[in-house]
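# structural data only, the sequence is not supplied:
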């Protein structure tokens, strides 16, 4: 057991926070920490910095994804921008640095690169002796994640481990664990039972669309395209905290019932994503690291639509290469592509097998067990 543990994320998108929550739950399930604190690093920075990191990120995802992709690619130069970025982060994260020096955790587990690089600098200066574990929450390595002073990396796939090694990280300091998701996604839940519980049609194929926790993304355009499908299907539209989107979809659903074979079921913010994924046959949307890992754990083939340049493009490449997804780059043919997939049970079955091969539903628990095995090294 560790005496004092900090789990550190940053609320720039929901994925890093969800990964931190999964790690927190795994620590609790294994009774592996005395004092356990799960902290959003941005709560310990100034208001302007918080807005830049959190709100600006969400705005770019929704309104300027190409700009977000450009930023991602521009800064993906190993070790090139690290010093300048660290100076900027230190200037805005004074309360975070003060908290670390006072608390002196035995272990810091970072699911975002912001706290990881600050802790690395503090370790270099001997201000703290905290052991640092870094969990990369996408399938590909970006230069932002690179640190000089750490104890262990956890990565999603073997390819990312090889990338880290090529950049000088010792192989014994890297574990291929998968991306940590809530352990509830490892529970086997019957599809028919979940559909009954959630008020869904037991017989109709179910397509799940998620706008993420913040309810951003082109969901209405996706649904408009899906109404052209030949196959009778039900579309579960998870709107997150965006109540306006949910209201618009409810009105759209009422209008389209008479002339479409697609039944639209808008759902607001929910903590039952594992049950909705258990009830679904396909996941449609953007391939964020956490959502992708949850879908794989629930044996859901993925239909990728317009991934953001950068991390989502790279996640897409991995899923397509492994035969776990198809991709649609043009919304007018989305209905055609999904109809074609549903008309080919053999192909769909093969995709599900590939999904099962890639899934790591127990990643969060596996990470904690590995950390416990390393604590005396």
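Structure received. Bear in mind that the values here come from a model prediction, so they are computed numbers and not experimental data. Numbers count the residues shown, from 1 in each chain.
# just the strands in the stretch 51-200 of the chain please.
Using DSSP state E, counting those that start in this stretch, the strands of the stretch 51-200 of the chain run over 107-110, 131-135, 152-155, 174-176.
# the last one pairs with which strands?
Using DSSP bridges, the strands paired with strand 174-176 are strand 152-155 (parallel).
# pLDDT averaged over the strand it pairs with - what is it?
Mean pLDDT, strand 152-155: 98.
# same deal with stretch 44-56?
For stretch 44-56, mean pLDDT is 77.
# report the buried residues of that stretch.
Of all the residues in stretch 44-56, those buried under the rule 16 or more other Cβ atoms under 10 Å are 44, 45, 49, 50, 52, 53, 54. Placement of C-beta: from N, CA and C, glycine included.
# re earlier: okay if I get the strands of the stretch 51-200 of the chain as TSV plus distance to residue 286 and mean neighbour count?
Converted to TSV, the strands of the stretch 51-200 of the chain look like this (distance: least, Cβ to Cβ, whole Å; neighbours: other Cβ atoms under 10 Å):
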stretch	distance to residue 286	mean neighbour count
strand 107-110	24	28
strand 131-135	21	26
strand 152-155	21	25
strand 174-176	24	19
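# with distance to residue 261 added, can I get these in TSV?
Converted to TSV, the strands of the stretch 51-200 of the chain look like this (distance: least, Cβ to Cβ, whole Å):
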stretch	distance to residue 261
strand 107-110	47
strand 131-135	42
strand 152-155	42
strand 174-176	43
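# so where's the protein shaky on pLDDT?
Within the chain, the segments meeting pLDDT under 70 span 55-58, 61-62, 64, 83-84, 88, 211-217, 256-259, 376-377.
# give me every residue that touches the residue nearest to the spatial centre of it.
Central residue of the chain (Cα atoms, centre = their mean): residue 290, 2.1 Å from the mean position. Under the criterion of Cβ atoms under 8 Å, 6 or more residues apart in numbering, the neighbours of residue 290 are 14, 15, 18, 19, 137, 179, 181.
# now do residue 23
Counting by Cβ under 8 Å, 6+ apart, residue 23 has contacts 7, 38, 109, 111, 135, 180, 364, 367, 368.
# can you list which of those residues are found in helices?
Those of the contacts of residue 23 mapping onto helices are 364, 367, 368, per DSSP state H.
# weed out the non-buried ones from the residues you listed.
Buried among these by 16+ other Cβ under 10 Å: 364, 367, 368.
# nearest to residue 194, of those?
residue 364 (21.8 Å; Cβ to Cβ).
# please tell me how far the closest one sits from residue 165.
24 Å (Cβ to Cβ, to the nearest Å).
# likewise residue 372?
From residue 372 to residue 165 the distance is 24 Å (Cβ to Cβ).
# what about residue 158, how many residues nearby?
10 (other Cβ atoms under 10 Å).
# how far is stretch 148-158 from where the chain is centred?
17 Å (Cα atoms, centre = their mean, to the nearest Å).
# how far does it stretch from start to finish?
End-to-end distance of stretch 148-158 (Cα to Cα, to the nearest Å): 21 Å.
# so what touches that stretch?
Outside stretch 148-158, the residues that touch it by Cβ under 8 Å, 6+ apart are 116, 119-121, 123-124, 131-136, 138-139, 141, 161, 164, 169, 173-180, 289, 293, 318, 360, 367, 370-371, 374.
# how is this protein divided into domains?
2-181+361-374, 187-358 (automatic domain parsing).
# and the residue nearest to residue 327 when sequence neighbours are not counted, helix, strand or coil?
Closest residue to residue 327 apart from its sequence neighbours, by Cβ to Cβ, 6 or more residues apart in numbering: residue 304 at 4.3 Å. Following DSSP: H, G, I helix; E, B strand; the rest coil, residue 304 is assigned to strand.
# ok so, going back, out of the buried residues of stretch 44-56, what pair is the most spread apart?
44 and 52 (14.8 Å).
# residue contacts, residue 266?
Contact analysis of residue 266 by Cβ under 8 Å, 6+ apart lists 237, 239, 245, 246, 249, 250, 253.
# so which of these belong to strands?
Residues of those located in strands (DSSP state E): residue 237.
# are any of the contacts of residue 266 buried, and which?
237, 239, 245, 246, 249, 253.
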